[in-house]
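Q: Show me the folded form of this:
(one chain, ligands or ions: 1)
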Amino acid sequence: MSKRIAICPGSFDPITLGHLNIIRRASRIFDEVVVCVTVNATKTSPMFTVEERVDMARRAVIRYPNVHVESSSILLAEYARQFDNAVIVKGLRAASDFDYEFQMNLINKNINPELETMFLTASGKYTFLSSSVVREMARYGADLTGLVPSELIADIEEKAKQWRKA
Ligand code: ADP
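A: Here you go, the predicted structure:
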């Protein structure tokens, strides 16, 4: 039987402990997890470039041997076609996530009817956490401990410093 693959998509600008919680849980259920950093055209001013987001995500998942990180600028439903047995796995935080995800799932199904999406409920301690919260906190120089992987804090603080100067 071919391997079961989970695709965890997102902008990961930057990757947070909430994302990592979903990725780690998916890595226990699936043979392989592909973290797909999307080049999101609707988010006009990302804090980090795609290359930086991929690099940070790679450093964050280094301890999980069946997880790897890629980037994609094509529609997720098209991207998923390259895998035989792929399922999209997303985290659900709140009702607002649900409405958006329900809509995205319908769009994806329209393009690629074979493609399934599964949801893991966010861990209680991360339901409030999003990349935008991290960006906002970083901008004001707040402590990022407990929000992002500790090995990424210095990079995020450095980028926030450049932002404040600009
Ligand atoms: P964000 O909403 O933080 O900007 P992304 O666009 O990168 O994140 O989201 C990618 C996926 O990760 C989405 O499915 C989103 O619901 C999920 N996700 C984001 N933050 C969390 C969290 N704190 N807990 C669980 N899932 C999350």
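Q: Please make it C-alpha for all contacts and neighbour counts, starting now.
A: OK.
Q: Excluding chain neighbours, give the residue nearest to I156 in space.
A: A138 (7.0 Å; C-alpha to C-alpha, 6 or more residues apart in numbering).
Q: what helix or strand is that neighbour on?
A: For A138, the element it lies in under DSSP states H and E is helix 131-139.
Q: for the following helix or strand past that helix, which positions count as buried?
A: Per DSSP H and E, helix 131-139 leads on to helix 153-165 as the next helix or strand towards the C-terminus. Using 16 or more other C-alpha atoms under 10 Å as the test for burial, helix 153-165 gives I153, I156, E157, K159, A160.
Q: any idea of the pLDDT on the fourth one?
A: This points to K159. The model reports K159 with a pLDDT of 95.
Q: coming back round to it: determine the number of other residues adjacent to the residue nearest to I156.
A: Neighbour count of A138, defined by other C-alpha atoms under 10 Å: 21.
Q: So it sits against T145, correct?
A: No - counting by C-alpha atoms under 8 Å, A138 sits too far from T145 to count as a contact (10.9 Å).
Q: residue boundaries of the strands in this protein?
A: 5-10, 32-38, 67-72, 86-92, 116-121 (DSSP state E).
Q: Adding distance to the ligand, mean pLDDT and mean neighbour count as columns, could you present those strands in CSV?
A: What follows is the strands of the chain, written out as CSV (distance: least, C-alpha to the nearest ligand atom, whole Å; pLDDT from 0 to 100; neighbours: other C-alpha atoms under 10 Å):
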stretch, distance to the ligand, mean pLDDT, mean neighbour count
strand 5-10, 4, 98, 23
strand 32-38, 8, 97, 23
strand 67-72, 12, 97, 18
strand 86-92, 3, 97, 21
strand 116-121, 7, 96, 14
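Q: Kindly reformat those as a markdown table and extend each row with distance to K109.
A: As requested, the strands of the chain are exported to a markdown table (distance: least, C-alpha to C-alpha, whole Å):
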| stretch | distance to K109 |
| --- | --- |
| strand 5-10 | 15 |
| strand 32-38 | 18 |
| strand 67-72 | 19 |
| strand 86-92 | 11 |
| strand 116-121 | 8 |
